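A.B. asks: Quick one, structure for this:
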Amino acid sequence: MNILNISEIEIAWLAGLFEGEAYFGLDKRSKKRYLNSTSPPAPFIKIAMTDEDIIYRVAKLLNKKYYIPSRLTKTGKKVFVCYIGDRKTLIYLLPKILPYMGEEPR
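C.D. replies: Alright, predicted model coming up:
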């Protein structure tokens, strides 16, 4: 099931970009907010850079929006951020990009 209109080349491009520039994490805030929560931590991908054209392309490919935090870099440049946190997109995307990701050195 292709929930995104995204080609294999675009998946490979995203994988390379994410490997070098993105942060893959688990959002554990729900556990802190609700002491009796049984929901697992929520996975997410966050990418931030000063190249708006690249972040725009990521957002467009993944049907997401991007935002500009109020902070600037030390050299005064704007930072553009795209956050991918919905499970439906991640369940589709993560297995697709995994074959293009590098391996940990032994």
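A.B. asks: After whichever helix in the chain runs longest, which helix or strand is next? Please name it.
C.D. replies: Longest among the helix segments of the chain by residue count, using DSSP state H, is helix 8-21. Helices and strands here follow DSSP states H and E; after helix 8-21, the next one along the chain is strand 22-27.
A.B. asks: Tabulate the CA atom coordinates of that next one in PDB.
C.D. replies: Taking Å, rounded to 0.1, in the frame of the first residue of the first chain, the C-alpha atoms of strand 22-27 are listed here in PDB:
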ATOM      1  CA  ALA A  22      17.900  13.800  10.600                       C
ATOM      2  CA  TYR A  23      17.300  12.700  14.200                       C
ATOM      3  CA  PHE A  24      15.400   9.400  14.800                       C
ATOM      4  CA  GLY A  25      13.800   9.300  18.200                       C
ATOM      5  CA  LEU A  26      11.200   8.100  20.600                       C
ATOM      6  CA  ASP A  27       8.800  10.600  22.200                       C
END
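A.B. asks: Show me what that strand is packed up against.
C.D. replies: In terms of contacts (3 or more CB pairs under 8 Å, 6 or more residues apart in numbering; DSSP states H and E), strand 22-27 is packed against strand 42-49. The way it works is simple: take the backbone N, C-alpha and C, and place the C-beta from them, glycine included.
A.B. asks: And the contacts of the strand it packs on?
C.D. replies: Identification of contacts with strand 42-49 by CB atoms under 8 Å, 6 or more residues apart in numbering yields 17-18, 21-27, 30, 55, 58, 79-85, 87, 90, 93-94.
A.B. asks: which of the residues you listed are buried?
C.D. replies: Neighbour counting over those (16 or more other CB atoms under 10 Å) leaves 17-18, 22, 55, 58, 79-80, 82-84, 90, 93 as the buried ones.
A.B. asks: Give me the helix or strand of the chain that scores worst on average pLDDT.
C.D. replies: The weakest-scoring helix or strand in the chain, judged by mean pLDDT, DSSP states H and E, is helix 29-33 (a mean of 57).
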